[in-house]
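Asks: sequence first, predicted coordinates after that:
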Amino acid sequence: MSVVLSTAPLPASARADYWHSLVSDTFIPLDVALHGGAPSVGTIVSDRLGPLQVSVVEAGPQTVARDQRLISRGGAEYITVTLQHRGTARLTQDGRQALVRPGTFTCSDAGRPYRREQPDPFRFTAFRVPKAGLGVSDSDLGAVTGTVFSSEAGTAGLVAGYLLRLSERAADLDPYTGRQLALTAGDLLAVLVRERQGRLDPHASEAARGMLARVKEYALRQLGDPELSPQGIAAANHVSVRYLHKLFQSEGTTVGRWIRRERLERCRRDLARPSRSAPAVAAVAQRWGFVNPSHFSRAFRAAYGMSPREWQAGTHGV
């Protein structure tokens, strides 16, 4: 169920302080300065999808800023991806400045100072994403901060389209589905970071990089299907199997190895998830497409140096 927070019930004289607390409590500690005369109404509608927080924000002109003092108060473990729907903005971080217009998006790293100026009434959707789930370093994240991304084409367009669709359905998703779709969002953001950092094949065309991201998005949604195969992935995305293999070769891997790694990582996450009773190893393996328990145990040990039960016992303090 969405959480709706608004300054509408308050008189104009009381809105500024309340809005400051709403913004900082919803996202991360921030300084908020409202512009103009009497503060207009501000509204935040938020949903949680596993580790991902999705918030639609609508308000009047303002500037939010984050400095070392506020970073020390918490929140450094997040990035915020902001899809702009109405109004313009200026985001400054890491010595770069992004001029934001409707139909574009930006990334800001809460572990470093930044400033976002909104000179007009605005509406945007903000995604608060834990950095730990992306599998990229803080220095890698520096490749996407203070930069504006178009939602029209390429990998950035795919990321924007996926996030927008996810936000539109967030309130109706059950907890399990929401969590899995949020993990896919994190994977797509990681692809964008690696592309900007030059970790993807620099000689590949924009179309090839976009296709690779779309293929991964499809495959990540199908990881629980034990029949998932290069042939099925290629057919669903209207490419040849040969071309599919070439896309993954640009990252130094194969389709099969990539699928196995993604399945194992999700099994590892599920086995470490806090709960009253530890999930059964076999059930977790089956959920992510491993039909043979012995094969799963061997693959898990090869990847992480211990059996699934040893990993689960260690993370649950058993």
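Replies: Alright, I've got the coordinates.

Asks: which stretches in the stretch 1-150 of the chain count as helices?
Replies: Under the criterion DSSP state H, counting those that start in this stretch, the stretch 1-150 of the chain contains helices at 12-26, 68-71, 138-141.

Asks: my error: substitute the stretch 201-318 of the chain in the last question.
Replies: Along the stretch 201-318 of the chain, counting by DSSP H, counting those that start in this stretch, helices occupy 206-221, 230-236, 241-249, 255-272, 281-287, 293-304, 308-315.

Asks: as JSON lines, the helices of the stretch 1-150 of the chain with mean pLDDT would be great.
Replies: JSON lines is the format used below for the helices of the stretch 1-150 of the chain (pLDDT from 0 to 100):
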{"stretch": "helix 12-26", "mean pLDDT": "91"}
{"stretch": "helix 68-71", "mean pLDDT": "94"}
{"stretch": "helix 138-141", "mean pLDDT": "82"}
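
Asks: so which of those is nearest T88?
Replies: Nearest to T88 among these is helix 12-26 (18.9 Å), distances taken as C-beta to C-beta. Using the backbone N, CA and C atoms, a C-beta is placed for each residue, glycine as well.

Asks: name the helices or strands packed onto the closest one?
Replies: strand 31-34, strand 43-49, strand 52-59 (3 or more C-beta pairs under 8 Å, 6 or more residues apart in numbering; DSSP states H and E).

Asks: would you mind finding the most buried of those?
Replies: strand 52-59 (a mean of 22; mean count of other C-beta atoms under 10 Å).

Asks: which residues touch A285?
Replies: With contacts defined as C-beta atoms under 8 Å, 6 or more residues apart in numbering, A285 is in contact with 267, 293, 296, 308.

Asks: the same query, at a cut-off of 7 Å, please.
Replies: Taking C-beta atoms under 7 Å, 6 or more residues apart in numbering as the criterion, A285 is in contact with 267, 293, 296.

Asks: top of the residues you listed by neighbour count?
Replies: For these, neighbours were counted using other C-beta atoms under 10 Å, and C267 has the most, 28 neighbours in all.

Asks: please report the distance of that one from L181.
Replies: Using C-beta to C-beta, to the nearest Å, one gets 18 Å for the distance from C267 to L181.

Asks: one more: S46?
Replies: To L181, S46 is 16 Å away according to C-beta to C-beta.

Asks: cool, and D138?
Replies: Taking C-beta to C-beta, one finds D138 at 25 Å from L181.

Asks: between those two, point out the one with more neighbours.
Replies: A count of neighbours by other C-beta under 10 Å puts L181 above the other of D138 and L181, at 20 against 13.

Asks: can I assume that one is in contact with G50?
Replies: No: taking contacts as C-beta atoms under 7 Å, L181 lies outside contact range of G50: 8.3 Å.

Asks: of all the residues in stretch 181-189, which ones are buried?
Replies: Residues 181-189 are the ones in stretch 181-189 that count as buried (16 or more other C-beta atoms under 10 Å).

Asks: identify the bridge partners of Q97.
Replies: As for beta bridges, Q97 partners with T92 under DSSP bridges.

Asks: I'd assumed A89 was in contact with it.
Replies: No: Q97 sits out of contact with A89 when judged by C-beta under 7 Å, with a separation of 10.7 Å.
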